[in-house]
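Peer 1: okay, here's the prediction I keep looking at, along with the sequence it came from:
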Amino acid sequence: MPHEINIVLVEPEIPMNTGTIGRLCLATASTLHLIEPLGFEISDSRLKRAGLDYWKHIDLKTYPSLEIFFQSIPTSAQKVFFSTKGEKHLFQHSFQPGAYLFFGSETRGLSSDLIQSHKDQTYHIPQYDKRVRSINIANAVSVATYEAIRQLGV
């Protein structure tokens with residue numbers, strides 16, 4: 001595929017969100033990377049229900065820690081972090097093939113240390129009603145993934 005997108009979920013907690021994201025990854029030919037600890041078992045029925053019968057076809061990789069994950073990818077790979085704390089918005093970013101899109105857990109997001117150490121690579125998805133803390137992670141992953149695909153060509 002021309003876009004070669006990698007979705008990285010750092011310590012996801014809710015199996016149905018991860019199942020939905022897995023289904024999106026299959027639909028977009030993206031690789032799903034899960035960073036432990038997970039808030040569920042990979043065999044969790046809620047995870048598979050959200051991913052339907054597609055789960056067995058997902059390009060899925062799991063890692064025991066973020067440190068080990070970073071050691072496993074090319075140092076030159078584009079890393080894009082998503083957080084409500086990002087100073088720039090998603091549409092200011094120029095995606096490259098093979099990009100790694102990072103999303104934090106549903107209740108904590110990405111750690112402040114990770115955001116601080118990658119401040120120039122951290123973006124937010126615009127929200128216009130400030131009563132909403134954030135959009136659902138599956139929606140955020142969808143928005144970012146399809147923006148990357150739009151930029152890279154379908």
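Peer 2: Received, thanks.

Peer 1: use CA for all of it now, contacts and neighbours both
Peer 2: Will do.

Peer 1: which residue sits closest to Lys61, ignoring its sequence neighbours?
Peer 2: Nearest non-adjacent residue to Lys61, counting by C-alpha to C-alpha, 6 or more residues apart in numbering: His33, 4.9 Å away.

Peer 1: all helices of the protein, in order?
Peer 2: 15-27, 45-51, 66-72, 112-117, 137-152 (DSSP state H).

Peer 1: got the ones you listed as CSV, with mean neighbour count columns?
Peer 2: Shown next, in CSV, are the helices of the chain (neighbours: other C-alpha atoms under 10 Å):
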stretch, mean neighbour count
helix 15-27, 22
helix 45-51, 19
helix 66-72, 12
helix 112-117, 13
helix 137-152, 18
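
Peer 1: Ile58 is nearest to which of the ones you listed?
Peer 2: helix 15-27 (5.4 Å; C-alpha to C-alpha).

Peer 1: hey, which helix or strand in the chain has the poorest pLDDT?
Peer 2: helix 45-51 (a mean of 61; mean pLDDT, DSSP states H and E).

Peer 1: hmm, back to that, lowest average pLDDT across the helices of the chain?
Peer 2: Mean pLDDT is lowest for helix 45-51 among the helices of the chain, at a mean of 61.

Peer 1: follow-up on the earlier one: the residue nearest to Lys61 bridge partners, please.
Peer 2: Note on His33: beta-bridge partners Val8, Lys61, judged by DSSP bridges.
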